[in-house]
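A.B. asks: sharing a model that was predicted from the sequence below.
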Protein chains: 2
Amino acid sequence: MNLLLLQDEDFLDPGRVRLTGRRLRHVTEVHRARAGDELAVGLLGGALGRGRVTRLDAEALELDVVLHQAPPPKLALTLVLALPRPKVLNRVLAAAASLGVARIYLVNAWKVEKSYWHSPRLGEANLLLQRILGLEQARDTMLPELHLRRLLRPFAEDELPELLRGTLPLLAHPAAGAECPRAVADPVTLVIGPEGGFIPAEIELLARSGCRPVRLGPRILRVETVVAALIGRLF
Amino acid sequence: MNLLLLQDEDFLDPGRVRLTGRRLRHVTEVHRARAGDELAVGLLGGALGRGRVTRLDAEALELDVVLHQAPPPKLALTLVLALPRPKVLNRVLAAAASLGVARIYLVNAWKVEKSYWHSPRLGEANLLLQRILGLEQARDTMLPELHLRRLLRPFAEDELPELLRGTLPLLAHPAAGAECPRAVADPVTLVIGPEGGFIPAEIELLARSGCRPVRLGPRILRVETVVAALIGRLF
């Protein structure tokens, strides 16, 4: 945690916050802060700034905060991911948020096991927490949008063409003929399949909707690794 | 696991292997293979190929194997990493191996907690296993070299200049003036600090040894994320 991310309900009055729970524990156990110390803070959806600890005990952390600095810019990137295994989902969401992805769609695919859609990790509280952990890591305050689409075909046919408009429409696909471009100037929509890949009918569906299959290399990478590597390459 | 990685001691005779333990469990529980099925295999340090299941029960998996294909090329990259937290170490090693890093040095730094050097995860068996998991993910057979250096100064002064020779010598440093280059043709040595970064004296030491500080952007990323993003950018 490189930033204490604040929400409106944390404010006692303008310029003063009281935190409990996870953030209190982290500042107590990891930062080992004391009254008078300064910590990096940010308001979810707002500015970055500094907080001076005025109280820290077993019950609460209180800070006087000044918010004065813009958060880092988001990447002009919409990520469309086949829903990963629950174990991987948390890491992918946090990594994508830390990297500055603007918008994430989690979609179905043939090789996404049905049980993944029933994972408790898809609960709203967890989906928010994982993105917040990513923002806290990267010192960002702007939550990436997150959308779940349990049916691939209507998403690809009805929504995706509009998402792709005005963006470089890339589909990561190991068997593609074209190499993934580098250092692009345009916004990007990047579609990444499940472990085991999209099946041919899905590749066709996505290509018909406007996606351009590109490959990254001969290696099969974990989804959180491929997301970071493609972002490093594209931006 | 996208590849069953074989070792010399697995061979019953040339062309026939017997596997137990972790690989047997994985093929039983995840691949759910049966006699007659074909699986991707590779010999650690050798060629890739195919294995046909001839026996699969609670005791052993046996395969007839043919090894005929070269593994993917390694990246011309030496990674010098401040030793990460034990929890992170496994993920970083597996990710680096999956990405094709040729050589890894784990080094000390001021902000590496001393206890990290006493973690059981630094045992040889685990260091080998994590790299093997990365190779199995990426369908590679060539283990990245791994070296541990518990003292930064003698490493930086005595070994690093020789490692840097003939390579682009990069030090990831958020405060650097220069941007990290892209799509380089030369081999690279890439030095990445601990959570919290190298201290100024360490930056100076590494710069005196020939490293060039470069920055990636305003975001603070987890080490496994930054490794993948920098590799995507450089290669």
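C.D. replies: Sure, I can see it.

A.B. asks: which of the helices or strands spans A:R131?
C.D. replies: helix A:124-138 (DSSP states H and E).

A.B. asks: packing partners of that helix?
C.D. replies: strand A:4-6, helix A:86-99 (3 or more C-beta pairs under 8 Å, 6 or more residues apart in numbering or on different chains; DSSP states H and E). In this view, the C-beta of every residue, glycine as well, is placed from N, C-alpha and C.

A.B. asks: export the ones you listed to a markdown table and tack on mean pLDDT?
C.D. replies: Shown next, in a markdown table, are those (pLDDT from 0 to 100):
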| stretch | mean pLDDT |
| --- | --- |
| strand A:4-6 | 97 |
| helix A:86-99 | 96 |
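
A.B. asks: for chain A, which segments count as helices?
C.D. replies: A:21-26, A:86-99, A:124-138, A:152-154, A:160-164, A:200-208, A:223-234 (DSSP state H).

A.B. asks: winner for burial among those?
C.D. replies: The highest mean neighbour count among these, using mean count of other C-beta atoms under 10 Å in any protein chain shown, belongs to helix A:223-234: a mean of 25.

A.B. asks: quick one: mean pLDDT for it?
C.D. replies: For helix A:223-234, the mean pLDDT works out to 95.

A.B. asks: now do that helix against helix B:124-138, angle only.
C.D. replies: Computed by axes from the mean of the first three to the mean of the last three C-alpha atoms, to 10 degrees, the angle separating helix A:223-234 from helix B:124-138 equals 70 degrees.

A.B. asks: apart from its chain neighbours, what residue comes closest to A:L160?
C.D. replies: Distances taken as C-beta to C-beta, 6 or more residues apart in numbering or on different chains put A:S209 closest to A:L160, at 4.5 Å, once the chain neighbours are dropped.

A.B. asks: returning to what we had before: turn the helices and strands packed on helix A:124-138 into CSV, columns for distance to A:V214.
C.D. replies: Output for these, formatted as CSV (distance: least, C-beta to C-beta, whole Å):
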stretch, distance to A:V214
strand A:4-6, 34
helix A:86-99, 19
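
A.B. asks: out of the ones you listed, which is closest to chain B?
C.D. replies: Closest approach to chain B among the helices and strands packed on helix A:124-138 is made by helix A:86-99 (5.2 Å; C-beta to the nearest C-beta).

A.B. asks: what residue spans form the domains of chain A?
C.D. replies: If you go by automatic domain parsing, the domain ranges for chain A are A:4-69, A:77-234.

A.B. asks: okay, these, which one's buried deepest?
C.D. replies: Most buried among these, counting by mean count of other C-beta under 10 Å: domain A:77-234, with a mean of 19.

A.B. asks: low pLDDT regions in chain A?
C.D. replies: Across chain A, nothing is flagged by pLDDT under 70.

A.B. asks: how about the residues of it near chain B?
C.D. replies: Counting by C-beta under 8 Å from any C-beta of the partner chain, the positions of chain A adjacent to chain B are A:2, A:72, A:95, A:98-100, A:137-140, A:182-183, A:216-222, A:224-233.

A.B. asks: tell me which residue is most central in chain A.
C.D. replies: A:A97 (2.8 Å; C-alpha atoms, centre = their mean).

A.B. asks: that one and A:L24, how far apart?
C.D. replies: 22 Å (C-beta to C-beta, to the nearest Å).

A.B. asks: likewise for A:Q7?
C.D. replies: A:Q7 is 14 Å from A:L24, by C-beta to C-beta.

A.B. asks: and if you look at A:R103?
C.D. replies: Taken as C-beta to C-beta, the span from A:R103 to A:L24 is 31 Å.

A.B. asks: what does A:E124 give?
C.D. replies: Applying C-beta to C-beta to A:E124 and A:L24 gives a distance of 23 Å.

A.B. asks: over to A:P144?
C.D. replies: 26 Å.

A.B. asks: now do the same contact list for A:E202.
C.D. replies: Taking C-beta atoms under 8 Å, 6 or more residues apart in numbering or on different chains, we find A:E202 in contact with A:A109, A:W110, A:L152, A:G193.

A.B. asks: closest one to B:D37 out of the residues you listed, please.
C.D. replies: Taking C-beta to C-beta as the measure, B:D37 sits nearest to A:W110 out of the contacts of A:E202, at 19.8 Å.

A.B. asks: with adjacent residues omitted, what lies nearest to the closest one?
C.D. replies: A:W110's closest residue in space is A:I199 (C-beta to C-beta, 6+ apart), at 4.7 Å.

A.B. asks: quick one: contacts for that neighbour?
C.D. replies: The contact partners of A:I199, taken as C-beta under 8 Å, 6+ apart, are A:A109, A:W110, A:K111.

A.B. asks: ok, the spatially closest residue to the first one that is not a sequence neighbour to chain B distance?
C.D. replies: Which is A:A109. Using C-beta to C-beta, 6+ apart and skipping residues adjacent in sequence, the residue nearest A:A109 is A:A82, 4.0 Å away. Using C-beta to the nearest C-beta, to the nearest Å, A:A82 is found at 16 Å from chain B.

A.B. asks: beta partners for A:A82?
C.D. replies: A:V107 (DSSP bridges).

A.B. asks: that one reaches A:L206, doesn't it?
C.D. replies: No: contact between A:A82 and A:L206 fails when scored by C-beta atoms under 8 Å: they sit 10.7 Å apart.

A.B. asks: end-to-end on stretch A:74-91?
C.D. replies: Distance across stretch A:74-91, first residue to last, is 19 Å (C-alpha to C-alpha, to the nearest Å).

A.B. asks: same check, this time on stretch A:198-213
C.D. replies: So stretch A:198-213: terminal residues 11 Å apart, C-alpha to C-alpha.

A.B. asks: cool, and stretch A:47-64?
C.D. replies: So stretch A:47-64: terminal residues 15 Å apart, C-alpha to C-alpha.

A.B. asks: just stretch A:7-23 next, same as before
C.D. replies: Across stretch A:7-23, first to last residue, C-alpha to C-alpha, it's 12 Å.

A.B. asks: for the nearest residue to A:G49 once chain neighbours are set aside, what are its contacts?
C.D. replies: Excluding the flanking residues, the one nearest A:G49 by C-beta to C-beta, 6+ apart is A:L67, at 3.7 Å. The contact partners of A:L67, taken as C-beta under 8 Å, 6+ apart, are A:V41, A:G42, A:L43, A:G46, A:A47, A:L48, A:G49.
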